[in-house]
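**Q** Quick one, structure for this:
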Amino acid sequence: MKYKIEQIKQGDDELILRYQNLNQEVEHIMNFMSFSEKKLVGTKNGYQIVVDVKQILYIESVDRKTFVYLEDDVVRVEYTLTQLERMLNSLRFFRCSKSMIMNIDKVKVLDSLASNRIDATMCNGEHIIISRTYASEFRRRLKGEAFDE
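**A** Residues are numbered from 1 along each chain as shown. Modelled structure (predicted):
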């Protein structure tokens, strides 16, 4: 695939993607292009909070409530994990257990554990355990192999 980068002195920034066939590489680029604009609205202390998706470390469901964890904040959202998994369908987010979705870009260290589980240390030092059910899919994703949607 060829690409061209050009700095302009005036006018609006613009990204153009030209392709003959919609393949996995093109889909990844399209996801990347649309990812930077995604926002979620949640609540904290009775106020509505706008969350930039790129800042999310992980999302967890606890007692049928869904929480978005940022590096130094927690916001409740009115979506289910399944809805968020569809909304955030890109290489950056991964369902790592029944109750959690993690942002792969925020992982700092990975450690293999017994029973085919993985301990992922996030950029803020928190540890997330990737269950054995999801561990092999996570390894495939890290290698850049195709994944089931």
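**Q** Could you use CA atoms for every contact and neighbour count after this?
**A** Will do.
**Q** for stretch 29-43, what is the average pLDDT?
**A** The predicted model gives stretch 29-43 an average pLDDT of 72.
**Q** same thing with stretch 131-140?
**A** The average pLDDT within stretch 131-140 is 92.
**Q** Please state the offset of that stretch from the chain centre?
**A** Offset of stretch 131-140 from its chain centre (C-alpha atoms, centre = their mean, to the nearest Å): 16 Å.
**Q** How about stretch 38-53?
**A** Using C-alpha atoms, centre = their mean, we find the averaged C-alpha position of stretch 38-53 to lie 16 Å away from the chain's own average C-alpha position.
**Q** quick one: terminal-to-terminal distance for that stretch?
**A** Start to finish, the residues bounding stretch 38-53 are 6 Å apart (C-alpha to C-alpha, to the nearest Å).
**Q** In it, which residues are buried?
**A** For stretch 38-53, the buried set under the neighbour-count rule, 16 or more other C-alpha atoms under 10 Å, comprises Leu40, Gly42, Thr43, Val51, Val53.
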